[in-house]
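A.B. asks: Predicted model, plus sequence, below.
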Number of protein chains: 2
Amino acid sequence: MVAERADTLPALAEVFREHGYEGTSLSLISHATGLGKGSLYHFFPGGKEEMASAVLAEIATWFGTNVFAPLEDAEESAQASTAMFDAVELYFRSGERICLLGALALSDGRDRFGSQVRGYFARWVAALAGALTRSGRDRRQAGALAEETVAGIQGAIVLARALDEPDAFSRTMARLRVRLAAP
Amino acid sequence: MVAERADTLPALAEVFREHGYEGTSLSLISHATGLGKGSLYHFFPGGKEEMASAVLAEIATWFGTNVFAPLEDAEESAQASTAMFDAVELYFRSGERICLLGALALSDGRDRFGSQVRGYFARWVAALAGALTRSGRDRRQAGALAEETVAGIQGAIVLARALDEPDAFSRTMARLRVRLAAP
DNA sequence: GTCTATAGATCGATAGAC
DNA sequence: GTCTATCGATCTATAGAC
């Protein structure tokens, strides 16, 4: 069932999302992956920290391919931002799944994984700002709108989880779509 | 220096904000408050969970007095939302301090403190929506704008922490002020 | 009320058999 | 590569002296 290191990453991501970095114990990880500690340390000699770091790297790769690169390569910004929202809503399961990088930014995981967290959000904001600039918005407005949109997505996740109301995420996403589509 | 239970709450709040619920150990708490475990369990027989719950209750009281009640009692909505932003920017120290309730919503603290987290955000959104309704906006638009504003504030905190750039919080707050002031 | 000492469980991590 | 056994540290919580 588990043939290589990468096969463990989805289960690892899930358990870190559910319990946070500090709240995730090796026994939880062992249960979630179906592997004993021996196997886990064989795949991740750096232990829990390396496991979390590998998860963050995979998330960054996924967003790089499915969200950031399309924005960076976009000629038509309207299509690109629509595709971004589609990918993001799918990824966060319409508000039922949190953003691990956002959660780490609010916890002491920020000290441990600061550069990965910073890189993820910086690239997201920059890619979106670039796409908006190429679609004709002036540079200052594009930067502000990009920052506001990424913040809005993160805030929508927080609010939906806090209210235990996933629809709050979908509603906010719909409103952000409209704002980005407007001229 | 510490005469009663309430005197420990500021230090407790600070340590939970810095390390999260799972990441906060009793030895950290002991160091932060200057009290031994014996004193801590005298004040909080329920242990760490009661300490965190007391912190959340105090935060809810502060926001109730300084943010929610003014919105609920406001006759003039423009002044009320300006006062809300002033209080919130001050409280979050222009983006250098996180929202403990937002952080708990993203961690497994949501299971433990779910009703306190839900109550805080539900009251905030409802109070703001009410103020916007009384200022002449139709009910649907007021609800959407309130939800979007609270989410925007939380997202601004996430983004500012993630980028290690407190100004990102202030910039987003300034934009939200403009949006709420617009007719 | 505050302290020290400590219980009992669980933590992350390692060793070594297979 | 996967397991079990186990290490030493740390955890939350309690007991009891003062």
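C.D. replies: Everything's here; your move.
A.B. asks: Write out the residues of chain A neighbouring DNA strand D.
C.D. replies: A:Val2, A:Ala3, A:Gly34, A:Leu35, A:Gly36, A:Lys37, A:Gly38, A:Ser39, A:Tyr41, A:His42, A:Phe43 (C-beta under 7 Å from any atom of the strand). All C-beta atoms are positioned from the backbone trio N, CA, C, and that covers glycine.
A.B. asks: how about 6 Å then?
C.D. replies: Along chain A, the residues adjacent to DNA strand D under the rule C-beta under 6 Å from any atom of the strand are A:Val2, A:Leu35, A:Gly36, A:Lys37, A:Gly38, A:Ser39, A:His42.
A.B. asks: give me the number of residues near the third one?
C.D. replies: It refers to A:Gly36. Taking other C-beta atoms under 10 Å in any protein chain shown as the criterion, the count of residues near A:Gly36 is 11.
A.B. asks: Confirm for me that it is in contact with A:Ser30.
C.D. replies: Yes. When contacts are counted by C-beta atoms under 8 Å, A:Gly36 is listed as touching A:Ser30 (6.1 Å).
A.B. asks: in chain A, which ranges drop under the pLDDT threshold?
C.D. replies: By pLDDT under 70, the weakly predicted segments of chain A are A:1.
A.B. asks: The most centrally placed residue in it and A:Glu76: what is the separation?
C.D. replies: In chain A, the C-alpha nearest the mean C-alpha coordinate belongs to A:Cys99, at 4.6 Å (C-alpha atoms, centre = their mean). To A:Glu76, A:Cys99 is 27 Å away according to C-beta to C-beta, to the nearest Å.
A.B. asks: Also A:Lys37?
C.D. replies: Going from A:Lys37 to A:Glu76 by C-beta to C-beta gives 50 Å.
A.B. asks: quick one, phi psi at the residue of chain A found nearest DNA strand D?
C.D. replies: Among the residues of chain A, A:Gly38 lies closest to DNA strand D, at 1.3 Å counting by C-beta to the nearest atom of the strand. For A:Gly38, the backbone dihedrals are phi -60, psi -50 (criterion: degrees, to the nearest 10).
A.B. asks: residue contacts, A:Ala126?
C.D. replies: When the contact criterion is C-beta atoms under 8 Å, 6 or more residues apart in numbering or on different chains, the partners of A:Ala126 are A:Ala146.
A.B. asks: Among the residues of chain A next to DNA strand D, which pair sits farthest apart?
C.D. replies: The two members of the residues of chain A next to DNA strand D with the most space between them (C-beta to C-beta) are A:Val2 and A:Lys37, at 13.9 Å.
A.B. asks: What helices and strands are in contact with the helix ranked longest in chain A?
C.D. replies: For chain A, the helix that runs over the most residues, judged by DSSP state H, is helix A:139-163. Applying 3 or more C-beta pairs under 8 Å, 6 or more residues apart in numbering or on different chains; DSSP states H and E, one finds that helix A:139-163 makes contact with helix A:100-106, helix A:114-134, helix A:166-181, helix B:100-106, helix B:114-134, helix B:139-163, helix B:166-181.
A.B. asks: now do 7 Å
C.D. replies: Using 3 or more C-beta pairs under 7 Å, 6 or more residues apart in numbering or on different chains; DSSP states H and E as the contact criterion, the neighbours of helix A:139-163 among helices and strands are helix A:114-134, helix A:166-181, helix B:100-106, helix B:114-134, helix B:139-163, helix B:166-181.
A.B. asks: How far off centre is that helix?
C.D. replies: Centroid separation for helix A:139-163 versus its chain: 13 Å, with C-alpha atoms, centre = their mean, to the nearest Å.
A.B. asks: What residue in chain A is the furthest from its centre?
C.D. replies: When each C-alpha in chain A is compared with the mean C-alpha position (C-alpha atoms, centre = their mean), A:Gly38 comes out farthest, at 29.5 Å.
A.B. asks: and chain A, which of its residues are near DNA strand C?
C.D. replies: Proximity of chain A to DNA strand C is confined to A:Ser25, A:Leu26, A:Ser27, A:Lys37, A:Gly38, A:Tyr41, A:Gly47, A:Lys48, A:Glu49 under the rule C-beta under 6 Å from any atom of the strand.
A.B. asks: Would you mind measuring from the fifth one to chain B?
C.D. replies: Here the criterion is C-beta to the nearest C-beta, to the nearest Å. By it, A:Gly38 lies 25 Å from chain B.
A.B. asks: again with the last one
C.D. replies: Here the criterion is C-beta to the nearest C-beta. By it, A:Glu49 lies 14 Å from chain B.
A.B. asks: so that residue, which of the three states?
C.D. replies: When states are read from DSSP: H, G, I helix; E, B strand; the rest coil, the local structure at A:Glu49 comes out as helix.
A.B. asks: who's in contact with it?
C.D. replies: By C-beta atoms under 7 Å, 6 or more residues apart in numbering or on different chains, the contact list for A:Glu49 reads A:Arg112.
A.B. asks: How many neighbouring residues does A:Glu75 have?
C.D. replies: Every residue meeting other C-beta under 10 Å relative to A:Glu75 is counted, giving 9.
A.B. asks: And it, how far from A:Glu50?
C.D. replies: When C-beta to C-beta is the yardstick, A:Glu75 and A:Glu50 sit 39 Å from each other.
A.B. asks: returning to what we had before: just flag the most distant two among the residues of chain A next to DNA strand C.
C.D. replies: Maximum distance among the residues of chain A next to DNA strand C (C-beta to C-beta): 18.0 Å, for A:Gly38 and A:Glu49.
A.B. asks: Find the closest residue to DNA strand C in chain A.
C.D. replies: Evaluated by C-beta to the nearest atom of the strand, chain A has A:Gly47 as its residue closest to DNA strand C, separated by 2.4 Å.
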